[in-house]
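Peer 1: What follows is a predicted structure for the sequence shown.
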Amino acid sequence: MKKYGIFLLCIFFLSVTPCLAVTKLGEPLTLQNITKVSEINKKPDLYKGKRVLIEGLVINVCAARGCWMDLASDVPFEKIQVKVVDGEIVFPLEAKGHTARVEGVVEALHLTEEQARELAKHQAEESGGQVDLSTIKGASTVYRIRGLGAEIN
């Protein structure tokens with residue numbers, strides 16, 4: 001009976017251990033205070049060029065190279081993209097559905113209508129999704145995080 005209890009305890013710890021592992025990518029995180037994604041989305045110019053630490057659920061990852069991931073905001077239906085230099089950090093596809101903390105610099109991309117369409121098309125291809133290009137009208141500015149380091153739980 002005692003052996004059976006020890007066996008079950010071992011199985012329990014083996015099944016929980018992967019859940020406790022943290023995947024660390026890029027530079028170590030140095031900031032302590034988390035900036036809400038909704039605050040960056042609400043006042044992006046206030047954060048542009050500043051180093052921030054954000055946290056959120058990974059809702060999408062670049063399937064082609066792992067060079068970007070989208071994090072859900074603390075506000076429903078909002079998100080922010082984290083982009084890294086190709087090959088410097090590779091976000092694993094398995095990150096989708098997990099919580100991530102990312103440290104990086106807020107940047108602005110000023111796009112013409114054609115550039116915005118090309119970016120949307122490119123990201124849809126990389127993630128296996130689709131985009132309605134007719135909804136993109138005029139020039140736009142996209143705010144995202146230039147990722148320097150990340151921890152995925």
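Peer 2: Great, that's in hand.

Peer 1: what about the strands in this protein?
Peer 2: 23-26, 51-61, 68-72, 79-83, 99-111, 140-152 (DSSP state E).

Peer 1: got those strands as TSV, with mean neighbour count and mean pLDDT columns?
Peer 2: Quick note: C-beta positions are derived from backbone N, CA and C, even for glycine. Shown next, in TSV, are these (neighbours: other C-beta atoms under 10 Å; pLDDT from 0 to 100):
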stretch	mean neighbour count	mean pLDDT
strand 23-26	16	97
strand 51-61	19	97
strand 68-72	23	96
strand 79-83	20	97
strand 99-111	18	97
strand 140-152	19	97
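
Peer 1: Looking at those strands, spot the one closest to Asp132.
Peer 2: Nearest of the strands of the chain to Asp132, taken as C-beta to C-beta: strand 140-152 at 14.9 Å.

Peer 1: Reformat the strands of the chain as CSV; add distance to Ile40.
Peer 2: Shown next, in CSV, are the strands of the chain (distance: least, C-beta to C-beta, whole Å):
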stretch, distance to Ile40
strand 23-26, 19
strand 51-61, 7
strand 68-72, 11
strand 79-83, 6
strand 99-111, 6
strand 140-152, 7
